[in-house]
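> Got a predicted structure here, sequence first:
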Amino acid sequence: MRDQSGVVSRSQLKQVGWTDADVRRAVRRRELTPVHRGVYVDHTGPLTWEQRAWAAVLTVWPAALCDESALRAFDPDRTARDDDSIHVAIDRGRTAVAPAGVVLHHRIDLESHVAWNLGPPRLHHDEVIIDVAVRQRRRLDAVAVLADAVGSRRTTAQRLITVIGSRKRVRDRHWLVSVLRDIESGTWSVLEHGYLTRVERPHGLPGGRRQVRHVAASGTRYRDVEVPGLAVIELDGRRFHSGSRQRDRDLERDLDAAAEAQTTVRLGYGQVFDRPCRTAAKVAAVLAGRGWAGQATSCGPSCEAMPRIAVTR
């Protein structure tokens, strides 16, 4: 029970010699409180998220956390409400009834895809990442799942590509692999990937080096995109660029770049996703002013920057 956050199943109690009468007596004395049918907790107060997760797994055992619930188990700081349903995977050949607050997912060959040694047991991290990414309704959300996973350094783009390759059916397989290839090259956030695929590539801007490690007197920092000899492109995502402390670090990076005679262009979500064509035109102008001899291209007939960017065929 200590290993399971105070949660225990009736079958586990019987394995150590308890009888049904012993269980009823413990419940009557409030030493145990029923959570689901045949699953108990050792107190009468509200359940923690971890206790709810253990109860969900034990009520349909053998089972394991999956989907968003598995991600939260891997990362306790992950944003989620404690009243969210617990997602649990069971073997596809089984029939089980999920109690209130538990969502069941049937999985082929469950045994080999679960980290049974973790508490609560859960699908392997890389399997979970692909599951969650595939279920996203918006592609930007799928990019966020993949980029966050690689950016956290819990996995690599290549490992996730291997998981995709091991599955017979994956929705948007080729697109997911292409996103992971971009992430492998250094686009570690939705905003960075958006700059690459909406601003840089479609408008023919020079490709930059990504996540460049830079050591200065103020410390070691990573530049989002560095176009050697021309400019540094910094992408201010909402997750990593909020608060006065982060703002101070951003300004320090800009000052370091200025001290090296580098021009810093700082972009946000609006510039990348709402007006990528106009942003591309302005970035091209900055690069041209720094000596870029190339020419930006239009992304198509409806390119909003048509008056500013010469169309090349």
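That came through, no problem. Numbering: from 1, shown residues only.
> where are the low-confidence patches of the stretch 101-250 of the chain?
216-219, 237-250 (pLDDT under 70).
> now with 80?
186-188, 213-222, 236-250 (pLDDT under 80).
> And the helices in it?
Applying DSSP state H, counting those that start in this stretch to the stretch 101-250 of the chain gives helices spanning 125-135, 139-151, 157-166, 173-184, 190-194, 244-259.
> Out of these, the one nearest residue 87 is which?
With distances scored as Cβ to Cβ, the stretch of these nearest to residue 87 is helix 125-135 (9.5 Å). Heads up, the C-betas are built off the backbone N, CA and C, glycines and all.
> now for the closest one, which elements pack on it?
Packing partners of helix 125-135 (3 or more Cβ pairs under 8 Å, 6 or more residues apart in numbering; DSSP states H and E): helix 67-74, helix 139-151, helix 157-166, helix 173-184.
> Among those, show me which one is buried the most.
For the helices and strands packed on helix 125-135, the largest average neighbour count (mean count of other Cβ atoms under 10 Å) is found in helix 67-74, namely a mean of 23.
> residues in contact with stretch 23-35?
With Cβ atoms under 8 Å, 6 or more residues apart in numbering as the test, stretch 23-35 has contacts from 7-8, 10, 13, 40-44, 47, 51-52, 55, 59.
> let's see 6 Å
For stretch 23-35, contacts defined as Cβ atoms under 6 Å, 6 or more residues apart in numbering pick out 40, 41, 44, 55.
> Now do that stretch: distance to the chain's middle.
40 Å (Cα atoms, centre = their mean, to the nearest Å).
> tell me the average confidence for it?
The pLDDT scores in stretch 23-35 average 97.
> Next, give me the two most distant ones among the contacts of stretch 23-35.
44 and 55 (14.5 Å).
> Show me which of these two is the more surrounded one.
More neighbours surround residue 55 than the other of residue 44 and residue 55, with 26 against 9 (other Cβ atoms under 10 Å).
> where's the more buried one relative to residue 115, distance?
19 Å (Cβ to Cβ, to the nearest Å).
> quick one: contacts for the residue nearest the centre of the chain?
By Cα atoms, centre = their mean, the chain has its centre lying nearest to residue 145, at 3.0 Å. Counting by Cβ under 6 Å, 6+ apart, residue 145 touches 132, 133.
> hang on, the earlier thing: I'd like the helices of the stretch 101-250 of the chain as CSV, with distance to residue 221 appended.
Shown next, in CSV, are these (distance: least, Cβ to Cβ, whole Å):
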stretch, distance to residue 221
helix 125-135, 27
helix 139-151, 15
helix 157-166, 22
helix 173-184, 20
helix 190-194, 15
helix 244-259, 5
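> domain ranges for the chain?
7-123, 127-184, 190-289 (automatic domain parsing).
> how about residue 297, phi and psi?
phi -120, psi 160 (degrees, to the nearest 10).
> Is there a neighbour count for the nearest residue to it once chain neighbours are set aside? I'd like the number.
Of all residues not flanking residue 297 in the chain, residue 204 sits nearest, at 3.8 Å (Cβ to Cβ, 6 or more residues apart in numbering). Counted by other Cβ under 10 Å, the residues lying close to residue 204 total 17.
> Next: residue 206.
Residues within reach of residue 206, counting by other Cβ under 10 Å, total 16.
> so it touches residue 226, yeah?
No - applying Cβ atoms under 6 Å, one finds residue 206 not in contact with residue 226, separated by 10.9 Å.
> got the buried residues for stretch 46-66?
For stretch 46-66, the neighbour count (16 or more other Cβ atoms under 10 Å) marks 47, 49-61, 63-66 as buried.
> distance between the ends of it?
23 Å (Cα to Cα, to the nearest Å).
> before we move on, what about stretch 206-222?
End-to-end distance for stretch 206-222, by Cα to Cα: 19 Å.
> And stretch 86-98, by the same measure?
End to end - Cα to Cα - stretch 86-98 spans 10 Å.
> Please enumerate residues in contact with stretch 178-191?
140, 143-144, 146-147, 150-151, 157, 160-161, 193, 196, 210-211, 235, 237, 272.
> Alright, calling it a day.
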